[in-house]
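Novice: how would this look folded up:
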Amino acid sequence: MSRSQVHGRRQPRRSRTHSPLAIRSWVVGQAPDELHDRLTERLAAVDEAVEPYRDVIGRVLYPMLDESLKTLGFPPGPHTPEITGWLARLMGWNVVARFWGDQPLRGKYLPWIATRGTPANVLPDEIHVLDLPPELTRRALRESGLLADLSALASSEAGAGGPAPQLSLSDALVKAAIHEIEFGRAEAFFNPLVVFVTYELLKTAHYSATLDERRHALDRLVAVFAAFEPDLSQHLSRRADQLLPRLEAYETRLAALDPLLRDLRRHGPTRALLAEFRRRVHPRVTRSDLKRWQHSQASTIALALVAGQARLNPKTLADQLTLARKAREIEQAWGKYHAAFPPLVAVPPQPPSPSPPPSERP
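Specialist: Below you'll find the model as predicted:
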């Protein structure tokens with residue numbers, strides 16, 4: 001894994017990307033029980049695909065996870081069917097995220113796909129893997145080769161009941177850590193696999209007895225750290241955190257304009273009204289503005305004012321406000337759902353705290 005390969009791995013710039021709000025708006029208009037049924041169906045699309053391989057996934061991944069916990073100072077985690085099922089689901093979700101990270105859908109790429117948390121709690125430029133309909137999830141699992149890879153793993157010595165393979169920093173393990181970074185982004189800084197791989201590479205790069213091993217470890221470190229570099233071309237301007245304040249500013253001005261415009265049509269552009277417009281609408285309103293606004297709609301004026309403040313064309317702002325209303329509807333739909341149902345996606349159990357040093361034990 002050379003430094004030249006690092007740059008070859010970078011994803012291409014994407015000038016056409018689906019809006020996260022357009023993808024996430026499938027929840028709008030869904031009653032809580034309907035939303036629960038659709039989430040259950042989407043969970044099942046992955047769980048059913050990886051169910052035959054849960055046992056082999058546990059046998060292969062547990063040694064790696066235990067070594068990661070040991071590196072961080074934690075004892076090995078519990079190996080329960082629930083944790084094995086969570087690992088299998090997470091593996092399937094990551095495969096789906098990687099597949100749709102590389103494949104355009106109807107001529108556009110999907111936004112970043114999160115595999116952590118719930119669909120109600122994603123970053124502004126993300127969607128959740130459960131925002132994808134089951135047919136897209138099944139297509140990703142089918143075409144990515146996941147099931148073929150697991151079949152080969154199941155027929156290997158580890159999958160046939162032999163001893164677990166020895167943990168080593170193979171290219172496959174380094175690539176797995178890079179995948180975790182590319183799709184976990186900032187959160188991957190605390191990912192046990194990423195911490196373990198980075199730690200082992202640093203040890204080798206600093207302390208190996210041979211120069212060739214140190215150079216090879218350094219090249220791999222460059223690849224790992226390069227994966228943390230953000231792709232600034234993926235910054236989306238139509239994000240909920242940017243759109244909702246503009247919608248609030250528009251609605252505030254609209255509410256203020258309605259009664260003022262009624263008075264303006266009744267009394268004309270008086271000095272008292274000009275003072276009220278400057279206080280409640282905008283401090284730079286002029287008498288000429290009032291004359292122009294006497295026969296205008298409040299919505300048109302509010303749109304022009306907010307667009308000017310945001311340095312946007314009014315038509316562009318109108319499109320953004322439509323998305324902002326959709327973002328608010330999405331938040332409201334998830335709020336109703338969580339009021340009716342507990343979180344559907346299980347959170348992985350936290351590892352136990354490391355034992356205190358002998359001097360601190362009671």
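Novice: In PDB, list the C-alpha atoms belonging to the helix or strand harbouring Ile301.
Specialist: Using DSSP states H and E, Ile301 falls within helix 298-310. Presented in PDB, the C-alpha positions along helix 298-310 are these (Å, rounded to 0.1, in the frame of the first residue of the first chain):
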ATOM      1  CA  ALA A 298     -46.500  40.200   2.300                       C
ATOM      2  CA  SER A 299     -45.000  36.900   1.100                       C
ATOM      3  CA  THR A 300     -43.300  38.600  -1.800                       C
ATOM      4  CA  ILE A 301     -41.800  41.300   0.300                       C
ATOM      5  CA  ALA A 302     -40.700  38.900   3.000                       C
ATOM      6  CA  LEU A 303     -39.100  36.600   0.400                       C
ATOM      7  CA  ALA A 304     -37.200  39.500  -1.200                       C
ATOM      8  CA  LEU A 305     -35.900  40.800   2.200                       C
ATOM      9  CA  VAL A 306     -34.600  37.400   3.400                       C
ATOM     10  CA  ALA A 307     -33.200  36.600   0.000                       C
ATOM     11  CA  GLY A 308     -31.300  39.900   0.000                       C
ATOM     12  CA  GLN A 309     -29.900  39.300   3.500                       C
ATOM     13  CA  ALA A 310     -28.800  35.800   2.400                       C
END
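Novice: and it, what other elements does it pack with?
Specialist: helix 240-267, helix 314-340 (3 or more Cβ pairs under 8 Å, 6 or more residues apart in numbering; DSSP states H and E). For the C-beta atoms, the positions are set from N, CA and C on the backbone; glycine is no exception.
Novice: just how off-centre is the first one within its chain?
Specialist: Right, helix 240-267. Remark: helix 240-267 is offset 33 Å from the chain centroid, using Cα atoms, centre = their mean, to the nearest Å.
Novice: That helix vs helix 298-310, what angle?
Specialist: Helix 240-267 runs at 130 degrees relative to helix 298-310, counting by axes from the mean of the first three to the mean of the last three Cα atoms, to 10 degrees.
Novice: List the buried residues of helix 240-267.
Specialist: In terms of neighbour count (16 or more other Cβ atoms under 10 Å), helix 240-267 has its buried residues at 240, 242-244, 246-247, 250, 253-254, 256-257, 260-261, 264.
Novice: Next SSE downstream of that helix?
Specialist: Sequence order places helix 271-280 as the next helix or strand after helix 240-267, per DSSP H and E.
Novice: where in the stretch 101-250 of the chain is pLDDT low?
Specialist: Applying pLDDT under 70 to the stretch 101-250 of the chain flags residues 146-169, 172, 231-238.
Novice: how does it look with 50?
Specialist: Applying pLDDT under 50 to the stretch 101-250 of the chain picks out residues 157-168.
Novice: ranges for the strands of it?
Specialist: 112-114, 126-128 (DSSP state E, counting those that start in this stretch).
Novice: Output the ones you listed in a markdown table, with mean neighbour count and distance to Asp47 appended to each entry.
Specialist: What follows is the strands of the stretch 101-250 of the chain, written out as a markdown table (neighbours: other Cβ atoms under 10 Å; distance: least, Cβ to Cβ, whole Å):
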| stretch | mean neighbour count | distance to Asp47 |
| --- | --- | --- |
| strand 112-114 | 23 | 18 |
| strand 126-128 | 23 | 16 |
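Novice: how about the residue lying farthest from the centre of the chain, what does it touch?
Specialist: The centre of the chain is farthest from one residue, His267, which by Cα atoms, centre = their mean lies 53.4 Å away. His267 makes contact with Leu273, according to Cβ atoms under 8 Å, 6 or more residues apart in numbering.
Novice: Just the pLDDT for it.
Specialist: With respect to pLDDT, His267 scores 92.
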